[in-house]
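*Asks:* Structure for this input, please:
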Amino acid sequence: MAKLHLLFNWLLKTFQRHSGLMAVLAFVSGIASYLLVDRKESVAQFIAVFMLISWILLIAESWLKTSLVRRFGWKLSPVVLRFLTQLVHQESLFFALPFFLVVTSWDHPQAVFTSLVLLCAFISITDPLYYKFLATRYALFGAFHTFALFVVMLVVLPLLLQLTTQQSLIAAILLALIFSLPSLIRILPAGHWWRLPLLFSVLCLMALSLWQLRSWIPPAGIRLTDITVSYKVNTEHRLPGAHIRQLDSTDLQQGLYAWTAVRAPRGLKEQVHHVWLHNGREVDRIVLDIQGGREAGYRAWSHKQVFPPYPEGNWQVQVVTESGRLIGLTRFKVTRQE
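*Replies:* Residues are numbered from 1 along each chain as shown. Prediction:
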């Protein structure tokens, strides 16, 4: 038992000396997991389970401290506990980062969410920011802690349970709020009758805010590999015609196809929408059911034949999930006939 204790202390000291290296390893594991998911390897699920266990142990911090003292006589100092918490934050944020970077549309509010993940990941490996700025402000630290859990759940849940992006989002919101309860309880003053109603109100407000901003959250379990707007589609080979970037209004009479290839790893089944927008206003929405598994993505298309009386202007075809989260888009312009 003494040797095990020495090994445990050695590992902790090694991790503390090379905390930046651990963040790099977490990022590499995230890239590896992303690649493994595309190849349907069970190793990716193993890494996801490891991330989940890390959070369970972190949330069960009090129980863990008591168990270590009772069973082995080990006392974890507050310094060690703070470092372990930082390590889990680093692992979570850098593990999830590749999944969001590859699907983010940077000319969309999704860029705000992914930039926030990047910022939090940077803070987690910068000790002066993490310990002197973040850890000393308990409310801010609680928000950081909840956000890191929310981010990793968005990636882990589809890997382990093959949930759709909407199911994963709902589950991630619920789990993040439930596991944030210990932090929120410590923030709220004790001994007041309004403590529980206020706690319930805060949780509802957080859940509602996350749901209202869901379009800003990139769908980590699904991505667009190709999108084309054309006059025709080869239905036999499921291939589009030439991509259109500009056309005049008379050419719309023959209609337009929006052809997309959507990659949904691990056989994921998902419902997506082709949303046609004219000068920023939605004019049509067509529902498609996709299934994952193809290397290049599941190919599907919609055919729009009815257009507004004055169709000139800027058009977009957005591919969004059932919950309204953007997967990708393309643009084209309609000009007036000369």
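*Asks:* Quick check: phi and psi at residue 162.
*Replies:* Torsion angles at residue 162 (phi, psi; degrees, to the nearest 10) stand at phi 50, psi 40.
*Asks:* how close does it get to residue 270?
*Replies:* Here residue 162 is placed at a distance of 11 Å from residue 270 (C-beta to C-beta, to the nearest Å). All C-beta atoms are positioned from the backbone trio N, CA, C, and that covers glycine.
*Asks:* When these two are compared, which one has more neighbours?
*Replies:* residue 270 (23 against 17; other C-beta atoms under 10 Å).
*Asks:* If the more buried one is in a bridge, with which residues?
*Replies:* residue 290 (DSSP bridges).
*Asks:* close enough to count as contact, it and residue 264?
*Replies:* Yes. Counting by C-beta atoms under 8 Å, residue 270 touches residue 264, with 5.4 Å between them.
*Asks:* Pull out the buried positions in stretch 298-307.
*Replies:* 298, 299, 300, 301, 302, 304, 307 (16 or more other C-beta atoms under 10 Å).
*Asks:* Can you pull the poorly scored residue ranges out of the stretch 51-200 of the chain?
*Replies:* 57-81 (pLDDT under 70).
*Asks:* how about the strands in it?
*Replies:* With strands called from DSSP state E, counting those that start in this stretch, the stretch 51-200 of the chain shows none.
*Asks:* what does the helix or strand harbouring residue 209 contact?
*Replies:* Residue 209 is located in helix 195-212, with elements delineated by DSSP states H and E. With C-beta atoms under 8 Å, 6 or more residues apart in numbering as the test, helix 195-212 has contacts from 146, 150, 169, 173, 174, 177, 180, 181, 184, 185, 188, 189.
*Asks:* Pull out the buried members of those residues.
*Replies:* Buried among the contacts of helix 195-212 by 16+ other C-beta under 10 Å: 146, 150, 169, 173, 177, 180, 184.
*Asks:* Which one of these is nearest to residue 252?
*Replies:* Comparing the buried ones among the contacts of helix 195-212 against residue 252 with C-beta to C-beta picks out residue 169 as the nearest, at 35.7 Å.
*Asks:* If we ignore the residues flanking it in sequence, what's nearest residue 114?
*Replies:* Distances taken as C-beta to C-beta, 6 or more residues apart in numbering place residue 104 nearest to residue 114, at 4.4 Å, with adjacent residues excluded.
*Asks:* quick one: that neighbour and residue 124, what's the gap?
*Replies:* Going from residue 104 to residue 124 by C-beta to C-beta gives 19 Å.
*Asks:* Those two - which one has more neighbours?
*Replies:* Neighbours were counted for residue 104 and for residue 124 using other C-beta under 10 Å; residue 124 has more, 26 against 21.
*Asks:* contacting residues around the more buried one?
*Replies:* Neighbours of residue 124 in contact, by C-beta under 8 Å, 6+ apart: 23, 86, 89, 90, 93, 94, 130, 148.
*Asks:* Go again with 6 Å.
*Replies:* By C-beta atoms under 6 Å, 6 or more residues apart in numbering, the contact set of residue 124 is 89, 90, 93.
*Asks:* Residue 236 versus that one, what's the distance?
*Replies:* To residue 236, residue 124 is 51 Å away according to C-beta to C-beta.
*Asks:* And for residue 275?
*Replies:* Distance from residue 275 to residue 236, by C-beta to C-beta: 27 Å.
*Asks:* And for residue 91?
*Replies:* 48 Å.
*Asks:* Check residue 110 too.
*Replies:* From residue 110 to residue 236 the distance is 35 Å (C-beta to C-beta).
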